[in-house]
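In: sequence isn't available, so here's the structure alone:
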């Protein structure tokens, strides 16, 4: 019962470093998303994908890049990390597929990122 | 884009009490969902409810799409209900959800 799996769960980065947050889903969903959640706030959409090879910007895309080479995987790349990118990052998926239907969105457990 | 507002921002209940959480949205939507974020940060989908009423155990939700609001009812609250409840909405085919800032619920013994 894996669902949406994110790695790593915790990471500390120095200013200017780069890293990739990994996300994989096993529900054969066509839609995938990356959100960030700042302390005490709701989630904001960074990027999303409607299928393999197709990605688009969300509300807060600056400083991030994504790719979607397969249906299952949707990695998020942080280039030149800045303190403003300290946040909790959630990957999610939705769509008609295994163990799910329609527009219900399923979240991973989150990745806690601190930039110092 | 859509604006989503939730009220109240904070709520403290004694175990066994009932509560109603409200979500207002600024435009017509075809996707509205309620989530519970537990104290460990995990987000659990409670309801997909762009219109109508649904019930799941002690929780129920109603969305009145024409008046642009949704309500989440929690009956006979338990300490495990503590956490933050988010409402999120979107238009279009993908679930590009806009989240409210949440209602933080604390249930005490």
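Out: Thanks, I have it. Quick caveat, the model's predicted, so the values are computed rather than measured.
In: residues from chain B in reach of chain A?
Out: B:1, B:4, B:31, B:33, B:35, B:41-43, B:45, B:48, B:86, B:88, B:93-102 (C-beta under 8 Å from any C-beta of the partner chain). To be clear about C-beta, it is placed using only N, CA and C from the backbone, and glycine gets the same treatment.
In: just those residues: which are in helices?
Out: When the residues of chain B next to chain A are checked against helices (DSSP state H), there are no matches.
In: out of those, which end up buried?
Out: Buried members of those, scored by 16 or more other C-beta atoms under 10 Å in any protein chain shown, are B:4, B:31, B:33, B:35, B:43, B:45, B:48, B:86, B:88, B:94-102.
In: and the worst-scoring helix or strand of chain A on mean pLDDT, which strands flank it?
Out: The helix or strand of chain A with the poorest confidence is strand A:105-107; it has a mean of 91 (mean pLDDT, DSSP states H and E). Each strand paired with strand A:105-107, and its direction, by DSSP bridges: strand A:87-94 (antiparallel).
In: what does chain A put close to chain B?
Out: So far as C-beta under 8 Å from any C-beta goes, chain A lies against chain B at A:31, A:33, A:35, A:40-45, A:48, A:50, A:58-59, A:88, A:90, A:92, A:94, A:102-107, A:109-110.
In: for residue A:112, give me its contacts.
Out: By C-beta atoms under 8 Å, 6 or more residues apart in numbering or on different chains, the contact list for residue A:112 reads A:9-11, A:88.
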